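**Q** I'd like to go over a predicted model; first the sequence, then the structure.
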Number of protein chains: 2
Amino acid sequence: MQDPLARYPGYVLRRASAAALAKLNERLEPLHLRHADVALLMLIDAQPGVSQSQAGRILDIQRANMVPFIARLEKQGLIERQQIDGRSRALQLTPNGQSILTQARQRVDDYEMALLNQVPASLRAHVLPILMALWGDSAP
Amino acid sequence: MQDPLARYPGYVLRRASAAALAKLNERLEPLHLRHADVALLMLIDAQPGVSQSQAGRILDIQRANMVPFIARLEKQGLIERQQIDGRSRALQLTPNGQSILTQARQRVDDYEMALLNQVPASLRAHVLPILMALWGDSAP
DNA sequence: CTAGACTGTTATATCTTATATCATTCATCA
DNA sequence: TGATGAATGATATAAGATATAACAGTCTAG
C-alpha cells in the first residue's frame, strides 16, 4: 500500500481538489487568469451589478481580500465598478471582460468535461449530488 | 439562483474541499495540529522508517517544504529522525507522537464520519470511488 | 572511477487566507 | 428627526501554503 490515507474520503477530497485545481490553472494560464478570477467573472456575468461584498459572500472571499482582487481585474480592463450608493459598488463586465470570459468559459467547460470523464460512466450522475452534499450547509 | 457556479463539479469540488478542511482543522486545533501534520503522522505510523523524501512524494509535498515541516514536528517531540545512509533520514514516531496520534485519529474518524453522513445513505457507497476517480492518475 | 541522479538543506518568492482597524454611509426605530 | 448600530469598502499586517533555484554531500550504475 502506497498511501495509507487513501481510505479517508476527506483526505481524498482534498487531494482530488488540489489535483483538479492545478489542471484548471494550467488551462487558464494562457489567458493570464486564475481559477478565482474566472469564478468572479462568471458570477458577475450571471448577476450583473452584483456588489463587491455580495460577490465576496457568494464566493466565500472576505471583504478585505476582495479589494486587491477586484483592483487587479479592473486594472486588466475586465470589469468596472459603478457606485450604487454611498458605500456599495456594482460590478460589471467590460466588453473586453465579456470577450475574455467567453474564451475562459470554453476552457472551463473542457476542463469540467475532462474531469467528469475520469469518473466511470456508471457513477457520473452521482458526482454532483455527492459533491454538493459534501459541500454541506454553506452550499447554495 | 444564488451561486451560478454550483453546476460545475470542479467548482463544487473545490468549495467542498475548502469547507471540509476548515472543519477538520477546527477539530484538530485543540491538539495544536493541522491537517497536514496528522497526514504525516499517520503515514509514518503506517510506514515506520519512511524517508523524508519518500513521505514528501506520497503526500505531494516538495522536498524543500518538508524541511521546516519536519523540523516543527520534531521540535514538538512527535517524531524523530534517524540517519539511514549518508543522505536519507528515516522518520519515526516518538512515544509521545504515538499518543498524540491516537487522539488525533479519534478526531479524524469523527470528522470523516460526519462528512460521510452529510451524503444521503443511498449514495454513500459511491463517495470514495468517485473521489478516487476525480483524484485521477496521481492517486495511488 | 566517474558521471549522473538523489537527499536534505537554505534562501527566496508568490499566492492565499485571516485578522484587526478605520472612515464613510445606510437603515432602524424610539 | 436624530441617534445608534450595522454594512461597505479600504488599509495594513500576519500567517500559511506552495514553488523555484541553487548547493553540498552521497549514492548508484556503467
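**A** Sure, I can see it. Just so you know, these numbers come straight off a predicted model, no measurement behind them.
**Q** What's the biggest helix in chain A, counting residues?
**A** helix A:95-117 (DSSP state H).
**Q** quick one: is it near DNA strand C?
**A** No. Helix A:95-117 is not in contact with DNA strand C by Cβ under 7 Å from any atom of the strand; minimum separation 14.6 Å. Every residue, glycine included, has its C-beta placed from N, CA and C.
**Q** Export that helix to PDB, keeping only CA atoms.
**A** Presented in PDB, the C-alpha positions along helix A:95-117 are these (Å, rounded to 0.1, in the frame of the first residue of the first chain):
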ATOM      1  CA  PRO A  95     -16.800  44.400 -23.400                       C
ATOM      2  CA  ASN A  96     -13.200  43.100 -23.100                       C
ATOM      3  CA  GLY A  97     -14.200  41.200 -20.000                       C
ATOM      4  CA  GLN A  98     -17.100  39.600 -21.800                       C
ATOM      5  CA  SER A  99     -14.800  38.600 -24.600                       C
ATOM      6  CA  ILE A 100     -12.100  37.100 -22.300                       C
ATOM      7  CA  LEU A 101     -14.800  35.300 -20.300                       C
ATOM      8  CA  THR A 102     -16.100  33.600 -23.400                       C
ATOM      9  CA  GLN A 103     -12.600  32.200 -24.000                       C
ATOM     10  CA  ALA A 104     -12.300  31.300 -20.400                       C
ATOM     11  CA  ARG A 105     -15.600  29.600 -20.400                       C
ATOM     12  CA  GLN A 106     -14.600  27.400 -23.200                       C
ATOM     13  CA  ARG A 107     -11.500  26.300 -21.300                       C
ATOM     14  CA  VAL A 108     -13.500  25.700 -18.100                       C
ATOM     15  CA  ASP A 109     -16.000  23.600 -20.000                       C
ATOM     16  CA  ASP A 110     -13.200  21.500 -21.500                       C
ATOM     17  CA  TYR A 111     -11.800  21.100 -18.000                       C
ATOM     18  CA  GLU A 112     -15.100  20.100 -16.400                       C
ATOM     19  CA  MET A 113     -15.700  17.600 -19.200                       C
ATOM     20  CA  ALA A 114     -12.300  16.000 -18.700                       C
ATOM     21  CA  LEU A 115     -12.800  15.900 -15.000                       C
ATOM     22  CA  LEU A 116     -16.100  14.200 -15.300                       C
ATOM     23  CA  ASN A 117     -14.800  11.700 -17.800                       C
END
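**Q** helices or strands next to that helix in the packing?
**A** helix A:9-28, helix A:35-46, helix B:9-28 (3 or more Cβ pairs under 8 Å, 6 or more residues apart in numbering or on different chains; DSSP states H and E).
**Q** Pipe the ones you listed into JSON lines and attach mean pLDDT per row.
**A** Supplementary listing: the helices and strands packed on helix A:95-117 in JSON lines, determined by pLDDT from 0 to 100:
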{"stretch": "helix A:9-28", "mean pLDDT": "95"}
{"stretch": "helix A:35-46", "mean pLDDT": "95"}
{"stretch": "helix B:9-28", "mean pLDDT": "95"}
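**Q** how about the ones you listed in TSV, adding distance to A:Glu80 and mean neighbour count?
**A** As requested, the helices and strands packed on helix A:95-117 are exported to TSV (distance: least, Cβ to Cβ, whole Å; neighbours: other Cβ atoms under 10 Å in any protein chain shown):
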stretch	distance to A:Glu80	mean neighbour count
helix A:9-28	21	20
helix A:35-46	10	20
helix B:9-28	24	20
